[in-house]
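[1] need a 3D model of the sequence below.
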Amino acid sequence: MKHSLLRLSGEKKIIVNGMIMMSDELTFAGQKHEIRGNDDKSGWTVSDATLTSNSAMITTSVETVLSKLIFSLPSSLSSYSTFISSSSHLTLSHCVLSLQNYSSELSFLFLSIESETLAIASFSASSITLSGNPLISLCGSGSKAESMIIKWLNMTNCNFTEIERTTGSGSCVSIDNSDDENSNAEINIEECDFDGCSVFADESRGGAIGVQLKGSIQMNIISCTFTGCTAPAAEEKTGFGGGMALKLIDDYSTFIISSPVFDFDKPNIARYGNDLFVESSNLTKSITNTSLPFVSEHLDDISLDSMRGFDGNDTTNAIPLVYFWRAIGTEIFIGSEGCDVCVCGFSDYPCLSMDHSLARLAEGNERNVSIKGKGYLQKSVDVSGISV
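    Below you'll find the model as predicted:
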């Protein structure tokens, strides 16, 4: 049975000033609670040696505000399942997660959310290596759940520095509702900084943020900074999206990534998609000026390896997303180094086969196919009016 150092279920407003030591479970009655530290020195210091990996530091089933607190653990405790477990609206404001005494990998979940709404503002965490769960999961008690309960998340002005995860995807924020048929939610992450956040597992997605969406989910990532974040890039491991990775399982989920900041002096790194990787059942529908409004303005500055994605069931060709902003005119290129995907046909990204390239070639008075090296023909085609 789980126990908590602080369990909120009653009718009082709790204000905490300064550092406190807790060793017994506390129970309060109330409709709304606020736990707040002062401006100079604030936080929870856990010293109870009887804590087990089944414990939750704070469990709340009523609307709760946690403000100006420092969450920390003693160096003798190597594992802690959950810091905060909430089944009602939770506001986390100006709090710090500090685990500076640790040098080994930890397995814990900072937030276990089983409520429909969550607000996180000015939260910071740094220098943490996780061997199990991500730092923040929106799917209840783990990185994946059969039903995503949350309907609204607003995360603003948060700072994550050197958060590392040795398993799974998304070291800071991980969302996976791929088994849920009825999700309906809005998720907003705005003006947050992710510096040196990484995942190390093979096939992992999203150094800082890893998302798999199904159903009517609107994901907005606005004015966030990603620097030095990584997913595996070595030959023996494959990672997707050094900064962030999104997988849209059906046509109902949508996303907007607006005004991101990627530092050229401290770049993000992944095997595919250094900054962003997007998987979609229909990549042409997902990658637009609406979903990535910053691309058209900075197209000349975005490298082919910055953003890549998979289209439909094709997980062989990691398509450079910048080609969705380029147009095929009356000339198309094919060659043995090409691939037959939805945006092929450019001189630096040719198609593989003649028939696929002709299907992409725009109508015009003069239509030209340029073959670089060797091209392929998979079926008979009509080449009348076409110069090869």
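[2] nearest spatial neighbour of residue 276, skipping sequence neighbours?
    Spatial nearest neighbour of residue 276, chain neighbours left out: residue 307 (4.4 Å); criterion: C-beta to C-beta, 6 or more residues apart in numbering. Every C-beta, even on glycine, is put in place using the N, C-alpha and C of the backbone.
[3] wait, what's in contact with the closest residue to residue 288 other than its chain neighbours?
    For residue 288, ignoring the flanking residues on the chain, the nearest one in space by C-beta to C-beta, 6+ apart is residue 324 at 7.7 Å. Taking C-beta atoms under 8 Å, 6 or more residues apart in numbering, we find residue 324 in contact with 283, 284, 287, 288, 343.
[4] what about the strands in the stretch 201-350 of the chain?
    209-213, 216-222, 225-227, 244-248, 254-258, 261-262, 276-280, 307-311, 314-320, 331-335 (DSSP state E, counting those that start in this stretch).
[5] and the third one, what does it pack against?
    Meaning strand 225-227. Counting contacts by 3 or more C-beta pairs under 8 Å, 6 or more residues apart in numbering; DSSP states H and E, strand 225-227 is packed against strand 193-195, strand 261-262.
[6] pLDDT (mean, whole number) over the longest one?
    Summarised as a single mean, pLDDT over strand 193-195 is 97.
[7] and for the helix or strand following that strand, what's in contact with it?
    Per DSSP states H and E, the first helix or strand lying C-terminal to strand 193-195 is strand 198-199. Residues from elsewhere that reach strand 198-199, judged by C-beta under 8 Å, 6+ apart: 163-166, 168-171, 205-207, 210, 229-232, 239.
[8] where's residue 359, which helix or strand?
    Assigned by DSSP H and E, residue 359 falls within helix 354-360.
[9] for that helix, the distance to its chain's centre please.
    Taking C-alpha atoms, centre = their mean, to the nearest Å, the mean C-alpha location of helix 354-360 is offset from the chain mean by 35 Å.
[10] quick check: buried residues in it?
    Within helix 354-360, the residues that qualify as buried are 354, 355, 356, 357, 358, counting by 16 or more other C-beta atoms under 10 Å.
[11] from the residues you listed, pick the one nearest residue 371.
    Using C-beta to C-beta, residue 354 comes nearest to residue 371 of the buried residues of helix 354-360, at 8.3 Å.
[12] so the closest one versus residue 83, what's the distance?
    Shown here: residue 354 relative to residue 83, a distance of 59 Å by C-beta to C-beta, to the nearest Å.
[13] what of residue 259?
    Computed with C-beta to C-beta, the distance linking residue 259 and residue 83 is 31 Å.
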